[in-house]
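A.B. asks: sequence and predicted structure, then a few things I'm wondering about:
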Amino acid sequence: MLSLRGCAPPTGPGFGLRLVHSPTARFPQWARALDNKGGVEAPGREGSGQEGFVGLGRGFGWLRNMVAPSGGTATAEREGHVARLTRVETQERNRAKVLAAAREEFAERGYRDAKVDRIAERAELTRGAVYSNFPGKRALYFAVLADEAERAPRPEQHGRTPSEALGAFARAWLARLPLAGGEPGRLGLEHLPEVITDDRTRQAFAQLTRLDALLLGLALEGLDGRRLRMVRAAETALTTLHGASRLAAAAPGFVEPFTVVSACERLTDLDLGDGWPPAHLPYVPDARAVDEPWPAPPVVDAVRGEATRLDGDGVVAILGLHRLEAAEEAVRALPPGETVTVVLVSGDPGEFAPLARLTVADLCGCLRQAFPSAPALRVVHDPAGTVAAAAGVPAVSDVTETAIRVRAGRVVARADAHGACHAAASVQAH
């Protein structure tokens, strides 16, 4: 910014004047508007860096001879690029500071008594800086828990049979809990009651738990030579373990971990009436045949905790957090050798994306510890809707259900609404 004080045009009285130079013409429309109202737009091509100065008031034509300082557009663009990088880096640093401060606040006071004001004070930021990164205390709490779950060390104790692996899974789960009075609890111990405060969140958590059961069931099936569906055994195991978690908090010393592990091990031998398919699948409409490019974006598979690509043959299912149970329809219908990827989206990603990260990370950390190989399913978090947009789904909600069939790097079929996953996976090769 250049200031000229006490300057006067050749005609008219002298008065203080401040001139703003805009070498990149980021706002040329302002200059034109000012010129139309008696201001001055300096000569030069728009965007050339030669716009000069914009003055206010009539009779300032003498400023037209003034030109931009040396450096022009290239210098301005470099400075703008550095500024943008600095803003991104600053936002990332602030987010990390907020998470670290929130972790301390939640660990010290618990969720109910924690205050955003104190979190901001611990982070040496304003309340506005906290809310610019997280929509509320609950989303921040889930983000802290998800961050811890994704970073937690997981010593491997793989089981060789479904029974052994489910026992190892139960031990990994219970190892995080305070099982006697006076033991310090893990930070996320009380998160379940906070999840079920409203219908939308309860429904999202129920569907995320169904996805957890599918992942655990598929991992068990991978160790079972009979190739039976074991999702119901997985659901029963998760029911048992979630109950143990609640009781460990509410009744310290009551939960006997060895008994819980033994009970989980025996679930794999029970006849729980597990069957497939559900009754509605025969009535699902066929997928639409298409021939479209597939700009597969690089993603991170939350199940394996590693980067991957979506350009292989298989099904990519874009599912809102209230429709996650549909993922199994693609898994059961897809031929061997192809991959199902579930892309998690939400109409309220600021609130629910951290919950999705937490639930999946909590489950998959124990899976990696207990099973020698990952289940035949990939899970991708897509809070920004990037993968969904690449798949031709520009707008998403919690009930989104769209699936595409990918073959040889192209989209060959797509389906929407109830039954979309089954329809896309059932497309026959030509």
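C.D. replies: Nice, thanks for sending it over.

A.B. asks: low-confidence stretches in the stretch 151-300 of the chain?
C.D. replies: 179-191 (pLDDT under 70).

A.B. asks: which residue ranges of it form strands?
C.D. replies: Secondary structure of the stretch 151-300 of the chain (DSSP state E, counting those that start in this stretch): strands at 288-293, 299-301.

A.B. asks: for the nearest residue to residue 205 once chain neighbours are set aside, give its distance to residue 398.
C.D. replies: Take residue 205 and drop its neighbours on the chain: the residue closest to it by C-beta to C-beta, 6 or more residues apart in numbering is residue 195, 4.8 Å away. Using the backbone N, CA and C atoms, a C-beta is placed for each residue, glycine as well. For residue 195, the distance to residue 398 equals 15 Å [C-beta to C-beta, to the nearest Å].

A.B. asks: swap in residue 209?
C.D. replies: For residue 209, the distance to residue 398 - C-beta to C-beta - is 15 Å.

A.B. asks: tell me which of the strands of the stretch 151-300 of the chain sits most buried.
C.D. replies: strand 299-301 (a mean of 18; mean count of other C-beta atoms under 10 Å).

A.B. asks: that one: how far from the chain's middle?
C.D. replies: Computed by C-alpha atoms, centre = their mean, to the nearest Å, the chain-centroid distance of strand 299-301 equals 11 Å.

A.B. asks: again, but for stretch 376-388
C.D. replies: The answer for stretch 376-388 is 8 Å, by C-alpha atoms, centre = their mean.

A.B. asks: show me what counts as buried in it.
C.D. replies: For stretch 376-388, a neighbour-count test (16 or more other C-beta atoms under 10 Å) marks 376, 377, 378, 379, 380, 381, 382, 383, 385, 387, 388 as buried.

A.B. asks: so for that stretch, mean pLDDT?
C.D. replies: Across stretch 376-388, the average pLDDT comes to 97.

A.B. asks: among the strands of the stretch 151-300 of the chain, single out whichever gets nearest to residue 335.
C.D. replies: Proximity to residue 335 (C-beta to C-beta) singles out strand 288-293 among those, at 17.4 Å.

A.B. asks: which residues touch residue 217?
C.D. replies: Contacts for residue 217 (C-beta atoms under 8 Å, 6 or more residues apart in numbering) come out as 229, 230, 231, 232, 233, 234, 235, 375.

A.B. asks: which of the residues you listed fall in helices?
C.D. replies: 231, 232, 233, 234, 235 (DSSP state H).

A.B. asks: distance to residue 365 added to these, as TSV?
C.D. replies: Formatted as TSV, these follow (distance: C-beta to C-beta, whole Å):
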residue	distance to residue 365
231	20
232	23
233	20
234	16
235	19
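
A.B. asks: what about residue 380, which SS state?
C.D. replies: strand (DSSP: H, G, I helix; E, B strand; the rest coil).

A.B. asks: wait, it sits on residue 387?
C.D. replies: Yes: Residue 380 is within contact range of residue 387, at 6.2 Å (criterion: C-beta atoms under 8 Å).

A.B. asks: list residues touching both of these two?
C.D. replies: 299, 310, 343.

A.B. asks: not counting sequence-adjacent ones, nearest residue to the second one?
C.D. replies: By that I understand residue 310. residue 296 (4.2 Å).

A.B. asks: give me the neighbour count for that neighbour.
C.D. replies: The local packing of residue 296 (other C-beta atoms under 10 Å) involves 19 other residues.

A.B. asks: roughly how far apart are it and residue 416?
C.D. replies: From residue 296 to residue 416 the distance is 20 Å (C-beta to C-beta).

A.B. asks: closest one to residue 350 out of the buried residues of stretch 376-388, please.
C.D. replies: For the buried residues of stretch 376-388, the nearest to residue 350 is residue 383 (7.9 Å; C-beta to C-beta).
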